[in-house]
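*Asks:* Below is the sequence, then the predicted model.
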Amino acid sequence: MLVRLSGACVMCKLASMTLEGIQSRMVEELGEFVRLVPVMGGVPA
């Protein structure tokens, strides 16, 4: 699953920790492995 980082998350050193937390929560909820892949940049206009 691709996750687009935007705003303050783009340069944040803790973004990887945030993604790990989200990934863990998704695995718990879905009951299967999910891998989040960060994609830098905002949403295209």
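*Replies:* All right, it came through fine.
*Asks:* So residue 15 is in contact with residue 36, correct?
*Replies:* No - checked against Cβ atoms under 8 Å, the pair residue 15 and residue 36 is beyond contact range at 10.8 Å. C-beta coordinates here come from the backbone N, C-alpha and C atoms, glycine included.
*Asks:* mind checking the SS state of residue 29?
*Replies:* helix (DSSP: H, G, I helix; E, B strand; the rest coil).
*Asks:* ok, how many other residues are close to it?
*Replies:* Using other Cβ atoms under 10 Å, residue 29 is surrounded by 9 other residues.
*Asks:* contacting residues for residue 39?
*Replies:* Counting by Cβ atoms under 8 Å, 6 or more residues apart in numbering, residue 39 touches 2-5.
*Asks:* Which of those fall within strands?
*Replies:* Of these, the ones assigned to strands by DSSP state E are 2-5.
*Asks:* Most neighbours of all the contacts of residue 39, which one?
*Replies:* Ranked by neighbour count (other Cβ under 10 Å), the contacts of residue 39 have residue 5 at the top, with 17 neighbours.
*Asks:* Against residue 17, how distant is that one?
*Replies:* The gap separating residue 5 from residue 17 is 13 Å, by Cβ to Cβ, to the nearest Å.
*Asks:* again, but for residue 3
*Replies:* Taking Cβ to Cβ, one finds residue 3 at 13 Å from residue 17.
*Asks:* does the residue lying closest to residue 34 once chain neighbours are set aside sit in a helix, a strand or a coil?
*Replies:* Spatially, and ignoring its direct neighbours in sequence, residue 34 is nearest to residue 26 (4.6 Å; Cβ to Cβ, 6 or more residues apart in numbering). When classified by three-state DSSP, residue 26 comes out as helix.
*Asks:* Quick one, grab the pLDDT at residue 26.
*Replies:* Predicted confidence (pLDDT) at residue 26: the value is 91.
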